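Engineer: Fold the following.
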Amino acid sequence: MTREAELREDLAAAFRLAAKLGWHESVGNHFSAAVSDDGRHFLLNRKWQHFATIQPDDLLLLDAEDASVMDGPDAPDASAWTIHGTIHRLAPAARVVLHGHPVHSTALAMLADPVMKPLDNNTARFFNRVAFDRGFGGIADEAEEGLRLVRSLGNHKVMLMGNHGLLCTGNSVAEAFEDMYYFERAAQTLLLAYASGQPLAVLSDEIAEKTALGWEPYRGMADAHFAYLKSTLRD
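Structural biologist: Next up, the predicted model:
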């Protein structure tokens, strides 16, 4: 199987798994994966196809430098091009870019203080490792929005988009998907803790950083987890 074929299979699986996990929103949101080393050529879902139906051959192969794609019959939606086209063009290290509105992550993004407080293993996984975009200006379909998101993302792999949603990047589909999985669970845990109305037992910076570093040897879990999840699509 070629590199592109493998990416198509994994990315299409990520869409369908996101639908199973309830991370999709109607027929919007978008995932992408760079095919070329420079990030210029990348795979992206076509406009308004439900996540649950996406197969490898449905994915568009686009050129981040060629905006004329938006004039074609299979054009992605404008916000998909603005976000993913800009990131792949200007931040090629972000090989895979998953953007969605998982409910708990999005609820956290709505708070005046959206910081993921380190309370347990999962929340501490993201300690000092999340970028924040606080410049929400409506539907992200203008060029400046894409440029701002690239600046906000910086060298981070996870970005909480204020009043908007979640964006996770990675070297592989499995890696980015695992961060989205854990961030959504962590956001759910944090919001439940907030809802209790009780004081939070926030970890010290020292223990939070130690816990975050402790996750590094477990990064290989992403491949095993994603492989299992993919196998459930055949059930």
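Engineer: name the helices or strands packed onto the helix ranked longest in the chain?
Structural biologist: With secondary structure taken from DSSP state H, the chain has its longest helix at helix 173-196. Packing contacts for helix 173-196, counted by 3 or more CB pairs under 8 Å, 6 or more residues apart in numbering; DSSP states H and E, involve helix 3-20, strand 96-100, helix 103-109, helix 121-124, strand 165-170, helix 221-232. (Each C-beta comes from the backbone N, C-alpha and C, glycine too.)
Engineer: Let me see the mean pLDDT of the first one.
Structural biologist: Spelled out, it's helix 3-20. Mean pLDDT, helix 3-20: 97.
Engineer: Who are the packing partners of it?
Structural biologist: Helix 3-20 packs on strand 30-34, strand 41-44, strand 96-100, helix 173-196, helix 221-232, going by 3+ CB pairs under 8 Å, 6+ apart.
Engineer: Equivalent analysis for the fourth one, please.
Structural biologist: Other elements packing on helix 121-124 under the criterion 3+ CB pairs under 8 Å, 6+ apart are helix 173-196, helix 205-214.
Engineer: So which of those helices is the most surrounded?
Structural biologist: Highest mean neighbour count among the helices and strands packed on helix 121-124 (mean count of other CB atoms under 10 Å): helix 173-196, with a mean of 20.
Engineer: mind saving the C-alpha coords of that helix as CSV?
Structural biologist: Presented in CSV, the C-alpha positions along helix 173-196 are these (Å, rounded to 0.1, in the frame of the first residue of the first chain):
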residue,chain,number,x,y,z
VAL,A,173,-3.6,10.2,12.1
ALA,A,174,-3.3,8.0,15.1
GLU,A,175,-1.3,10.5,17.1
ALA,A,176,-3.6,13.4,16.4
PHE,A,177,-6.7,11.3,17.0
GLU,A,178,-5.3,10.1,20.4
ASP,A,179,-4.8,13.7,21.5
MET,A,180,-8.4,14.6,20.5
TYR,A,181,-9.6,11.5,22.4
TYR,A,182,-7.8,12.4,25.6
PHE,A,183,-8.5,16.1,25.4
GLU,A,184,-12.2,15.5,25.1
ARG,A,185,-12.2,13.1,28.0
ALA,A,186,-10.1,15.5,30.1
ALA,A,187,-12.4,18.4,29.3
GLN,A,188,-15.4,16.2,30.4
THR,A,189,-13.6,15.4,33.7
LEU,A,190,-12.8,19.0,34.3
LEU,A,191,-16.3,20.3,33.6
LEU,A,192,-17.7,17.6,35.9
ALA,A,193,-15.4,18.8,38.6
TYR,A,194,-16.4,22.4,38.0
ALA,A,195,-20.1,21.3,38.2
SER,A,196,-19.7,19.8,41.6
